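# build me a model from this:
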Amino acid sequence: MQLAMAKQTPRRIVLPALLTTAAIAIGACSGEIYLRDGVTDGDTFYLAQSAITDSDPALQSWVSYSLTRSACQLQIGGNNPARASSFECELTARRHLIDSWNEHRSKQPHIRNSYLDEITRVRQAGFLPEYVAVNFRRRGWTVPLDLDPRGFLDWQRTHLPDHRAATRLIGSWNYAHKVRSAGQ
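Next comes the predicted model:
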């Protein structure tokens, strides 16, 4: 996915339009995504400026991950969507990360990214749900009982012994009323 927008901050993007653009299959949310850098918790997701200005395929794949994850967090959110987490959200976001990377690779076969290439191999081997459960599991997650974490770890030791799980959020959460009250 590639976002091509002017360097304006903050600029509002309505989430349903982004969901359609990113082909996110988790349904439309009533929340909005704003463009602004910063790190905090809150109820509004701000997309980093680099997501608009940098067309790097790896970065744009992480943008897809970040948008998918934040949209899902808004759906399950509660008082603080930034802290919302579920197995399904993380798994769906990782799938979009890989799909986006593979789309870029289909257009530019020469590009490489060690993490994205490795997680693609995990998915091809059929262990993406186990990968998410083993590497990113949080208290309170409902994880399917039919997963094979031992089989995944055996496969990983053989095929990706030096692999390190990673997460890269291209954006951050903040409270919408603070930004709006600041006159932005």
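
# now the helices: where do they sit in this protein?
Ranges of helices in the chain, per DSSP state H, are 15-21, 50-53, 57-76, 87-107, 114-124, 128-136, 149-159, 176-181.

# apart from its neighbours in sequence, what residue is nearest residue 93?
With sequence-adjacent residues excluded and distances taken as C-beta to C-beta, 6 or more residues apart in numbering, residue 93 is closest to residue 69, at 3.9 Å. Heads up, the C-betas are built off the backbone N, CA and C, glycines and all.

# OK, contacts around the residue nearest the centre of the chain?
Closest residue to the average C-alpha location of the chain: residue 65 at 2.1 Å, with C-alpha atoms, centre = their mean. Residues counted as contacts of residue 65 (C-beta atoms under 8 Å, 6 or more residues apart in numbering) are 93, 94, 96, 97, 100, 168, 169, 170.

# hang on, the third one packs against residue 71?
No: assessed by C-beta atoms under 8 Å, residue 96 is found out of contact with residue 71, at 9.9 Å.

# about what we covered before: tell me the contacts of the residue nearest to residue 93?
Neighbours of residue 69 in contact, by C-beta under 8 Å, 6+ apart: 89, 90, 92, 93, 169.

# what's the most buried one of the helices of the chain?
Highest mean neighbour count of the helices of the chain: helix 57-76, a mean of 24 (counted as mean count of other C-beta atoms under 10 Å).

# and that one, how far from the chain's centre?
3 Å (C-alpha atoms, centre = their mean, to the nearest Å).

# just the mean pLDDT for that helix, thanks.
For helix 57-76, the mean per-residue pLDDT is 91.

# again, but for stretch 116-128
Averaged across stretch 116-128, the pLDDT comes to 98.
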